[in-house]
Every structure is written in structure tokens, then in C-alpha cells.
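> my questions concern the predicted model and sequence given below.
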Amino acid sequence: MKKQVCSQCGGEEWIKKLRVVDRGEDNARYDLALEMEMNPQAILFKERVNAPLHADVCAGCGLVLFQVSPVSLQMLKAGKQLTEERESADAKSGDFRNHPRYQEFLAEDAAYKFMEGSEVMLAFAQWLARKER
Ligand SMILES: [Zn+2]
């Protein structure tokens, strides 16, 4: 792994992987997260990708770097890819299930039908990436 050098002071010592916590009205603690809406027009199934933030703090100057986990990053990339493909395919209802190759994907393994929305989306994006390589 590349050494993480602070862009502000050049320091190399970090306090790593801190949770980024907010408090709600009831004083409950929440992790701050990035959220991507895959299907913003939908009333019920917006296909949200949720990516909790964590932070590293430079021990030299206190600069804060936010990051998402590798799994969250993969989900966000899948979401970006599907959003771009949906826009270029001009799908009817804006749902990734209307992608021209979605039925082909389902036909290969019926188990996908029983996954949750964001899991299917990720599986479909990975399937597409394999097919189009
Ligand atoms: Zn620093």
C-alpha cells in the first residue's frame, strides 16, 4: 500500500479509521454516510446506495480525510456505471431492470431474483462488466 502523506504538512503519522458520528434529536448516534439514489423518480424503490464515512486524522496538523470502505466504493462505482448506462439507454421508467440485457442476466441464474435491490444491482453491474470485457 502507498504511504499516506499529508497534503498540508507532509506528515506520515495518521490516526486512522475513526467513525464520523452525528447525534439525532433523541441524542441517538448516527454514522454519517454518503447516499446515492439510483432511481430518484421512483416513489418506493429508489435503489439507494449507502456508504458510511470514516475518517483519518493527520497526527501532525489535524487535517481530516474522509473515506468509504472498499465494499462501499464498489457499490458506488456499480451505481455510477448503471446510472450512466441507464441514461445512455434511455430506459422507459428509469429502472436498472429495464436495461436491455437485464433479462439475459436473470436467465443465467434465477437466484438473482431473490436478492435485495442493491445486491442485484451490484451483481448485475459485475455481470455486465464481465460480458463487455
Ligand atoms: Zn498534516
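That came through, no problem. Numbering: from 1, shown residues only.

> specify the beta-bridge partners of L34.
Beta bridges link L34 to A51, judged by DSSP bridges.

> same thing with L65?
On DSSP bridges, the residues paired with L65 through beta bridges are D56.

> please tell me how far it sits from N98.
In this structure, L65 and N98 are 38 Å apart, going by Cβ to Cβ, to the nearest Å. Where you see a C-beta, it was placed from the backbone N, CA and C, and this is true even at glycine.

> with R130 instead?
R130 sits 21 Å away from N98, taking Cβ to Cβ as the criterion.

> what about these two, which has more around it?
Between R130 and N98, N98 has the larger neighbour count (other Cβ atoms under 10 Å), namely 14 against 8.

> just give me how far stretch 109-116 sits from the chain centre.
How far stretch 109-116 lies from its chain's middle: 20 Å, per Cα atoms, centre = their mean, to the nearest Å.

> kindly check the end-to-end length of that stretch for me.
For stretch 109-116, the first-to-last residue distance is 15 Å (Cα to Cα, to the nearest Å).

> ok, stretch 96-109 next?
End to end - Cα to Cα - stretch 96-109 spans 17 Å.
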